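here is a sequence with its predicted model. Questions after.
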Amino acid sequence: MPRWLRLSLIIASSSMLVLVAAALIAVHVLLQPERITAMLQTQARNAGLELSLASPATPALFPRPALELEGITLSAQNANMPILLAARGTLALPWRTLFRGETVISQMQIDSPRVDLDALQSWLDDLPTGPASPPSAIPRIDAGIHVTRGSLVRGNQMLLGDVSLDAGRLASDHAFVLNIAAKDPQGTPMQLRLSLTPRIRAGALQLDNIALHLAHSTTLTLELTGNARWRGAADATASLSGKLDHAATGEYVTSIALIPADENDPLMFALKLDGPDNHADLQLPPLALANWWSQLDHDDGPKLAVPPGNGHAEIASIDTGDIKVEGLTIQAGTAVPAPASTAPAPAATPARTVPAKPAATRKTP
């Protein structure tokens, strides 16, 4: 090998080593583990949370600048049960971080997180009441989120396992995309895809171009599209329509809507479903609906009651895994027919239910 070529290779190799050494020094100088750990803990504390790591954040250079987190625990302040436990996490950083000295997170990666729904709900219940009006601007979150091998539990009860999640960046007038895949306690795969474009217009928060895809194995698929708007407090509107496809029973025309509150009525959730063996046209207060649904899985056994609201439904069966209801007919509010021997009932007639072959059972695990 000619001398000049050997000399050139030596110079090139030395220059490369110098650049790598300089980059490693820059990583340690600019991304000080103790500083980053303290910053993350401060941000968590400002949200009423406590963040602890098994060891300080460790900087890494390849394949791109990043901070490695080990043994992550996230809890509400003064709480005994952690909200989140994770084996490890990575905060990926753009290369410009090394040259501009700014700490900008481009992606958050979390491996094997375990989220406790009861602990999360307890923390949410202790938060101050939210604002009564929309924000003046959409909070910008440039960091995407990638979760692998996660689980959602309630105490010792597994709700979802093998959870993977991918979310893009959040910004006004930019399409936000969320993908979630998981398995229920029986091992059946589930999938959720959601995309929408958030923006502030005329003092209202708008969610445009909503596209929702929900699948449970190959048995059940729900596809909805539409838009939503929030002007403050209970002044919210939404309109989504599409279809629900059930492999065993057929296809259903489906629509859901939010009707804003006024002086006489609270915020209402409207559901319409029309297809083989199942028909529904209901208007229900969302909070009362959630409480009614929870009674179907009560610790002392399923409790059937008329959901608060107005409308009618004829449901061949409801199967939530633990609870199965068959032959259910609901007539509530103004949908209740008057007795044949009396005049038509006024609109204020109390709600009641007329069951058709009702059967509610709790499945044994």
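In hand now; what should we look at?

show me where pLDDT drops low in the stretch 151-300 of the chain?
Across the stretch 151-300 of the chain, residues meeting the criterion (pLDDT under 70) sit at 287, 290, 293-300.

quick one: the strands in it?
All strands of the stretch 151-300 of the chain, identified by DSSP state E, counting those that start in this stretch, fall at 157-167, 176-183, 189-201, 204-216, 220-232, 235-246, 250-259, 268-275, 278-284.

turn those into TSV, including distance to residue 128 and mean neighbour count.
C-beta coordinates here come from the backbone N, C-alpha and C atoms, glycine included. As requested, the strands of the stretch 151-300 of the chain are exported to TSV (distance: least, CB to CB, whole Å; neighbours: other CB atoms under 10 Å):
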stretch	distance to residue 128	mean neighbour count
strand 157-167	25	16
strand 176-183	25	16
strand 189-201	22	16
strand 204-216	19	16
strand 220-232	17	17
strand 235-246	20	17
strand 250-259	24	16
strand 268-275	25	17
strand 278-284	27	18
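
adding distance to residue 118, write the ones you listed out as a markdown table.
Below are the strands of the stretch 151-300 of the chain laid out as a markdown table (distance: least, CB to CB, whole Å):
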| stretch | distance to residue 118 |
| --- | --- |
| strand 157-167 | 9 |
| strand 176-183 | 18 |
| strand 189-201 | 21 |
| strand 204-216 | 24 |
| strand 220-232 | 27 |
| strand 235-246 | 27 |
| strand 250-259 | 28 |
| strand 268-275 | 25 |
| strand 278-284 | 25 |
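
what's the closest of these to residue 139?
Using CB to CB as the measure, strand 189-201 is the one of those that comes nearest residue 139, at 9.5 Å.

need the contact partners of the closest one.
134-138, 160, 170, 172-184, 205-217 (CB atoms under 8 Å, 6 or more residues apart in numbering).

may I have the strands that pair with it, each with its orientation?
The sheet places strand 189-201 alongside strand 176-183 (antiparallel), strand 204-216 (antiparallel), with pairing taken from DSSP bridges.

need those in CSV (columns: distance to residue 77).
Shown next, in CSV, are these (distance: least, CB to CB, whole Å):
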stretch, distance to residue 77
strand 176-183, 28
strand 204-216, 29
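
just the strands in the stretch 1-150 of the chain please.
49-52, 55-60, 66-76, 84-92, 107-111, 114-116, 144-154.

residue 172 touches residue 135, doesn't it?
No. Judged on CB atoms under 8 Å, residue 172 makes no contact with residue 135 at a distance of 10.3 Å.

out of these two, which sits in the more crowded spot?
residue 172 (14 against 9; other CB atoms under 10 Å).

now that one. Nearest residue, chain neighbours left out?
Using CB to CB, 6 or more residues apart in numbering and skipping the chain neighbours, the partner closest in space to residue 172 is residue 138 (3.9 Å).

what's across from residue 170 in the sheet?
residue 141.

any idea how far it lies from residue 70?
Applying CB to CB, to the nearest Å, the value for residue 170 to residue 70 is 27 Å.

ok, now residue 57?
Distance from residue 57 to residue 70, by CB to CB: 9 Å.

what does residue 266 give?
Distance from residue 266 to residue 70, by CB to CB: 47 Å.

the residue nearest to residue 172: what's it in contact with?
170, 171, 172, 198, 199, 200, 205.

relative to residue 84, which of the strands paired with strand 189-201 is closest?
Per CB to CB, nearest to residue 84 of those: strand 176-183, 15.9 Å.

done for today, thanks.
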